[in-house]
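Engineer: Just a sequence and a predicted model for now, questions to come.
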Amino acid sequence: MLKNGIDYSNETLVLTIPRKEFYNEETNEFIEVQETTIRLKHSLLSLSKWEAKYERPFLDVRKPPNYEETLDYIRFMTLTQNVDPVVYLVLTNEHIKLVNDYLSASMTGTTFGDDKSNGGKRGSRNPMSAEVIYYYMSEFNIPWECQKWHLNRLLTLIRVCGIKKSPSKKSKGTAKNRAQLNAARRRRSGSRG
């Protein structure tokens, strides 16, 4: 089922580019683009390809991708085979809006009400690069097949793993209090153990 172009059954964005004819001023010829449907996937695989080309984090809010770099990311997200490269040149503002909405979709019901950070998404002060995400996947034993998930879903899983692995503030405080009580008892009794 598609909603706003998103196919939630496989976490992809489906764009239909209508037939269009335009004039190429560089070659002085008319170019016809046939109606084309492309399927896109925002994943760690597409992110790593873009970062390999541009050698900087895609998720860096301080230097967001320009129009050409955004088109390249759309090319890297494309799952549809043998797409005419001219198709990307006729994407409309509505297509770009759908892509941006898709990139920001959480693709999960998990929420973090008490924490204002967003796990490496575009607004983060310390953006995650593909290698950092792969590191976290290794650290948390996340299967490699998850690199094909929608990127925001993968980042949420990494964040959940980090939360579950770190001791809670309450248990940290309890352990500290226990250590202080034991130290005081040892001092009073003159014991070293």
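Structural biologist: Okay, I see it. Numbering: from 1, shown residues only.
Engineer: Please report how far residue 150 lies from residue 81.
Structural biologist: Applying C-beta to C-beta, to the nearest Å, the value for residue 150 to residue 81 is 20 Å. Heads up, the C-betas are built off the backbone N, CA and C, glycines and all.
Engineer: which SS class is residue 63?
Structural biologist: Recorded secondary structure, residue 63: coil (DSSP: H, G, I helix; E, B strand; the rest coil).
Engineer: ok, residue 150 and residue 81, which is more surrounded?
Structural biologist: Remark: of residue 150 and residue 81, residue 150 carries more neighbours, 24 against 6, as counted by other C-beta atoms under 10 Å.
Engineer: residues in contact with that one?
Structural biologist: Counting by C-beta atoms under 8 Å, 6 or more residues apart in numbering, residue 150 makes contact with 11, 41-43, 105, 107.
Engineer: Repeat the analysis, applying 6 Å as the threshold.
Structural biologist: Counting by C-beta atoms under 6 Å, 6 or more residues apart in numbering, residue 150 makes contact with 11, 42, 107.
Engineer: Select from those residues the one having the most neighbours.
Structural biologist: Greatest neighbour count in those, by other C-beta under 10 Å, goes to residue 42: 26 neighbours.
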